[in-house]
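[1] here is a sequence with its predicted model. Questions after.
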Amino acid sequence: MKDLSRQFPSNAFVYGMSSGGTTHLITKTKTANEALFVVSFADDTITTPVNTKVISTGYASQMSNVNIVSAFEKSAGNLLIATEKNGMFDITITDAATGEGSSAGPEDYTL
């Protein structure tokens, strides 16, 4: 669909959300100091231009400089993120494309 010119490690974090006829794939690259990366495309066709954006505010505010090793979906848009060296994070995604949502600091999570 699109060459993102980014490197994604094996088993990279990816989370999909759909809203208003658009699918958003939220992922994490290996680029230093880059938070979450969102790839958005229209649900009805893959020929529609793909939008890509780095999100470093809102739900992704705690995700730069972490290496995500696993994630658990507590409910739609509410994730528990496990990192390699920084503990676990709670993130709530209300709008994947804009970064709206929240992120609790390391080890400030609920099950």
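    Done, it's in.
[2] nearest residue to the most centrally placed residue in the chain in space, please, no chain neighbours.
    Centroid-nearest residue in the chain, with Cα atoms, centre = their mean: Ile26, separated by 3.4 Å. Residue nearest to Ile26 in three dimensions, not counting chain neighbours: Tyr15, with 4.7 Å by Cβ to Cβ, 6 or more residues apart in numbering. Quick note: C-beta positions are derived from backbone N, CA and C, even for glycine.
[3] pretty sure the one you found contacts Ile68?
    No - the pair Tyr15 / Ile68 is not scored as a contact, 10.0 Å apart, by Cβ atoms under 8 Å.
[4] what do these two both touch?
    Counting by Cβ atoms under 8 Å, 6 or more residues apart in numbering, Tyr15 and Ile68 have no shared contacts at all.
[5] where's the residue nearest to the centre of the chain relative to Ala82, distance?
    16 Å (Cβ to Cβ, to the nearest Å).
[6] Gly20 now?
    In terms of Cβ to Cβ, Gly20 sits 30 Å off from Ala82.
[7] the more surrounded of these two?
    When neighbours are counted by other Cβ atoms under 10 Å, Ala82 comes out ahead of the other of Gly20 and Ala82, with 17 against 8.
[8] which stretch of helix or strand covers the closest residue to the more buried one other than its chain neighbours?
    Counting by Cβ to Cβ, 6+ apart, Ala82 lies nearest to Ser70, which is 4.2 Å off, once chain neighbours are set aside. Using DSSP states H and E, Ser70 sits in strand 68-75.
[9] other residues contacting that strand?
    13, 15, 28, 79-84, 111.
[10] switch the cut-off to 10 Å
    9, 11-15, 26-28, 36, 78-86, 88-92, 109-111 (Cβ atoms under 10 Å, 6 or more residues apart in numbering).
[11] and the residues you listed, which of them are in strands?
    Of the contacts of strand 68-75, the ones assigned to strands by DSSP state E are 14-15, 26-28, 36, 78-83, 88-92.
[12] and those, which of them are buried?
    15, 26-28, 36, 78-83, 88-92 (16 or more other Cβ atoms under 10 Å).
[13] tell me which of these is nearest to Met63?
    In terms of Cβ to Cβ, no member of these lies closer to Met63 than Leu36, at 5.3 Å.
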